[in-house]
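J.: sequence first, then the predicted structure, then my questions.
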Amino acid sequence: MEDLFGGTAMAEGYASARPAVHALILAEVWKALEWNRRPGWALDVGCGAGLSTRALRPWSERCVGLEPAQEMLRVARREAAEARLVGGSAECLPLRAESVSLISAAGSLNFCNVERAFEEMRRVLAGGGALVVYDFSPGRRMRVSERLERWFEEFQLRYPRPAQGGVHLDPARLAELASGFERGQHSEFEGSLKLEADFYARYMMTETNVAHAVRQGVGLGGIREWVETTLRPVFEGRPQEVVFEGYWAVFYKPSSERIRLAL
């Protein structure tokens, strides 16, 4: 499978030009959990450049971010400095058994052996602890206009997504794979952020569509010029409310009495 996440440019782009959607989703999840206080240790599986770890940090006393791509991990150590960042994979977590009370995985299980990852997450999760799996698609539409949808369609036609983009997961499929877990709450997600054209252009340059096109010999400067030029009339010189859609699903490790406090 083509590795589109391992380069320095992608890692730095993720750190500086990805919208803060993780925090919106995790705020919904925390309300659904109804825990009385924050868990002691939380684990973010597949932390990328650290944005998901940074968003998880307010919901736990201490946080560990795990990432297999070394450049992403290097940037994450800067962007999520309060967390403990370690290299490793979801299929072989470098943590002792029952050492964390909360695990999050944001769009990372699509790129691993999901069955093995669930086995490992169940091993390191304390009894009664929660696993939160979530993901969201790129912001491709505005609240009050179809301009961005039309632009995004053209973007994808010019720069198609790579054929090998990971396995599809949703709450129903995850429930089938989550052997040994109790299924908890799940929900579709829709949230929005006000973004400026410049930020949205830089965001699009971090999409795997662009990385794949560059690997195929398309000039990065030409892509950037087209993106920036065509987005200006879409945003009409002011910030626009961009909509993000996704899902979240909670799974619990069984215990004799489900915790409402951190273990």
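T.: Cool, got the structure. Numbers count the residues shown, from 1 in each chain.
J.: number of nearby residues for the closest residue in space to residue 235 that isn't next to it in sequence?
T.: Counting by C-beta to C-beta, 6 or more residues apart in numbering, residue 235 lies nearest to residue 197, which is 3.7 Å off, once chain neighbours are set aside. For the C-beta atoms, the positions are set from N, CA and C on the backbone; glycine is no exception. By other C-beta atoms under 10 Å, 19 other residues sit near residue 197.
J.: what of the one 4 residues further on?
T.: Residue 201 is surrounded by 20 other residues when neighbours are defined as other C-beta under 10 Å.
J.: for it, give me the pLDDT.
T.: You'll see residue 201 listed with a pLDDT of 97.
J.: who's in contact with it?
T.: 224, 227-228, 231 (C-beta atoms under 8 Å, 6 or more residues apart in numbering).
J.: run through who's touching stretch 139-152.
T.: Applying C-beta under 8 Å, 6+ apart, the contact partners of stretch 139-152 are 19, 138, 192-193, 195, 200, 203, 230-231, 233-234, 240-244.
J.: among the contacts of residue 201, which are located in helices?
T.: 224, 227-228, 231 (DSSP state H).
J.: the residue nearest to residue 235 contacts residue 229, doesn't it?
T.: No. Residue 197 is beyond contact range of residue 229, at 10.4 Å (criterion: C-beta atoms under 8 Å).
J.: got a list of what the residue most central in space within the chain touches?
T.: A centroid search over the chain (C-alpha atoms, centre = their mean) returns residue 106, at 3.4 Å, as the residue closest to the centre. Counting by C-beta under 8 Å, 6+ apart, residue 106 touches 22, 25, 44, 46, 48, 52, 134-135.
J.: okay, and which of the residues you listed map to strands?
T.: By the criterion of DSSP state E, membership of those in strands covers 44, 134-135.
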